[in-house]
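Asker: here are the coordinates; sequence isn't available:
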């Protein structure tokens, strides 16, 4: 774990100096995670790709301003979250988002298919994935961001507070109400905990 952190720190340092190989590698390391973050937020592949591209363009141009390389993850997600906010404000869609497909997307609300030898189970898991993406889209913007960052991205509350510029208590409150709202939505759709745990 420590060696991985040292590797990332060195990569960031080299990229900040303008070394193209390091910049390219840094994008490769983080691109999928930022894309999945944006995809869960919007549920739309094209929008997620656009925000991801903007995020890394900004990363490349502003990385030299990051003083503490240990804050890189929070800094990068702050950029992505800000672009998500901007896109949301510009968007004409105010009540419902359209959900696209992402075959490589993972989430912590549902289990992965156990094996490619179970096509029916894989199909059912994909169905649950789509249902959960739709349910996330029905949360408020504030709750959705916190739920995604905590439950999917594994952020600590102090990191969420830093990225979203809110207090830790506010982050905890938004997570509590967000998850409660999510449960109620899933209950209305007759999606139970047992359904989500299918396959274990």
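Answerer: Received the coordinates, thanks. Bear in mind that the values here come from a model prediction, so they are computed numbers and not experimental data. Residues are numbered from 1 along each chain as shown.
Asker: tell me the domain ranges of the protein?
Answerer: Following automatic domain parsing, one finds the domains of the chain at 1-91, 111-200.
Asker: possible to save these as JSON lines with mean neighbour count and mean pLDDT?
Answerer: C-beta: built from backbone N, CA, C; applies to glycine. Listed next are these as JSON lines, based on neighbours: other C-beta atoms under 10 Å; pLDDT from 0 to 100:
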{"stretch": "domain 1-91", "mean neighbour count": "16", "mean pLDDT": "90"}
{"stretch": "domain 111-200", "mean neighbour count": "16", "mean pLDDT": "81"}
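Asker: so how far is residue 25 from residue 15?
Answerer: 8 Å (C-beta to C-beta, to the nearest Å).
Asker: repeat that for residue 140.
Answerer: 37 Å.
Asker: one more: residue 58?
Answerer: For residue 58, the distance to residue 25 - C-beta to C-beta - is 18 Å.
Asker: do residue 36 as well
Answerer: From residue 36 to residue 25 the distance is 19 Å (C-beta to C-beta).
Asker: center of this protein - which residue?
Answerer: Residue closest to the mean C-alpha point of the chain, counted by C-alpha atoms, centre = their mean, is residue 37 at 2.1 Å.
Asker: might one say that that one is in contact with residue 80?
Answerer: Yes. The pair residue 37 / residue 80 is scored as a contact, 6.0 Å apart, by C-beta atoms under 8 Å.
Asker: contacts only, for residue 88.
Answerer: With contact set as C-beta atoms under 8 Å, 6 or more residues apart in numbering, residue 88 has these partners: residue 141.
Asker: secondary structure element for it, which one?
Answerer: Residue 88 is part of helix 72-90, with elements assigned from DSSP states H and E.
Asker: now do residue 27
Answerer: Counting by DSSP H and E, the element that carries residue 27 is helix 20-42.
Asker: tell me what that helix is packed against?
Answerer: Under the contact definition 3 or more C-beta pairs under 8 Å, 6 or more residues apart in numbering; DSSP states H and E, helix 20-42 sits against helix 2-16, helix 45-62, helix 72-90.
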